[in-house]
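> predicted model and sequence below, questions to follow.
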Amino acid sequence: MRDQRVKDVVFDLGNVLLRWDPRHLYRKVFADEARMEHFLATACSMAWIHSIDGCHDFAEPIAKRAKEFPHYADELALFDTRWLETLDGAITENLAIFHALKEAGRPVYGITNYPAQKFDLSRALHPFLDAFDEIVVSGREGVTKPDARIYQLLFERSGRAPGELVFVDDVARNIAAAERLGMSGVLYAPGMDLAAELRAHGAL
């Protein structure tokens, strides 16, 4: 039986296990980089994207947004119909950690801000999404990070106490929320040696 003091890992998805950025899609759409950045700063801002991460699908919020930004209606529609193009493959070195934990018989958990419909579509491209022992998806629950409720859902479903878990996320406010609840946190950034960070937190 493994040492119960060893902490288990909770992964975010976007920019921790999967590369995600609206620019992956919109660089194919806009010929002018400045116009694309204006679109992403206004009509398709990160604040707006976060506001719809708790949705099942995008049809209604995009239709509403298009009324606010009618000159960008066509581009906004693509955030629904071509959403999968906002992904740019797995972050291989981090996914290797995920698989190594699974192969060692360790439970692996997830908490992600991810619209439910898009998560289901992503599963066909990335089968590892079905390998989590438990994953809490914001679009299924109607609640997003950093709301404490989304973390509480994982504690309840996994049967693990916050102090037994290490959460890896690329957004500081999400890590701060996890730490307030008693989890350890790793704020991931590109190029980080995640394995070394997890070892330092007693998870590897």
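That came through, no problem.

> so how far does stretch 92-112 reach from one end to the other?
Length of stretch 92-112, first residue to last, CA to CA, to the nearest Å: 18 Å.

> list the residues that contact the closest residue to residue 139 other than its chain neighbours.
If you skip the residues right next to it in sequence, residue 139 has residue 116 as its closest partner in space, 3.3 Å away by CB to CB, 6 or more residues apart in numbering. To be clear about C-beta, it is placed using only N, CA and C from the backbone, and glycine gets the same treatment. By CB atoms under 8 Å, 6 or more residues apart in numbering, residue 116 lies in contact with 55, 56, 57, 137, 139, 140.

> against residue 175, how distant is the fifth one?
Put plainly, it is residue 139. Look at residue 139 and residue 175: by CB to CB, to the nearest Å, they are 21 Å apart.

> again with the last one
For residue 140, the distance to residue 175 under the criterion CB to CB works out to 22 Å.

> more neighbours: which of these two?
Of the pair residue 140 and residue 175, residue 175 is the one with more neighbours under other CB atoms under 10 Å, namely 22 against 17.

> residue 24 should be in a helix, yeah?
Yes - counting by DSSP: H, G, I helix; E, B strand; the rest coil, residue 24 falls inside a helix.

> domains in the protein, by residue range?
As assigned by automatic domain parsing, the chain contains the domains 8-17+91-200, 22-86.

> with adjacent residues omitted, what lies nearest to residue 187?
Nearest in space to residue 187, with sequence neighbours left out and distances taken as CB to CB, 6+ apart, is residue 175 at 4.9 Å.
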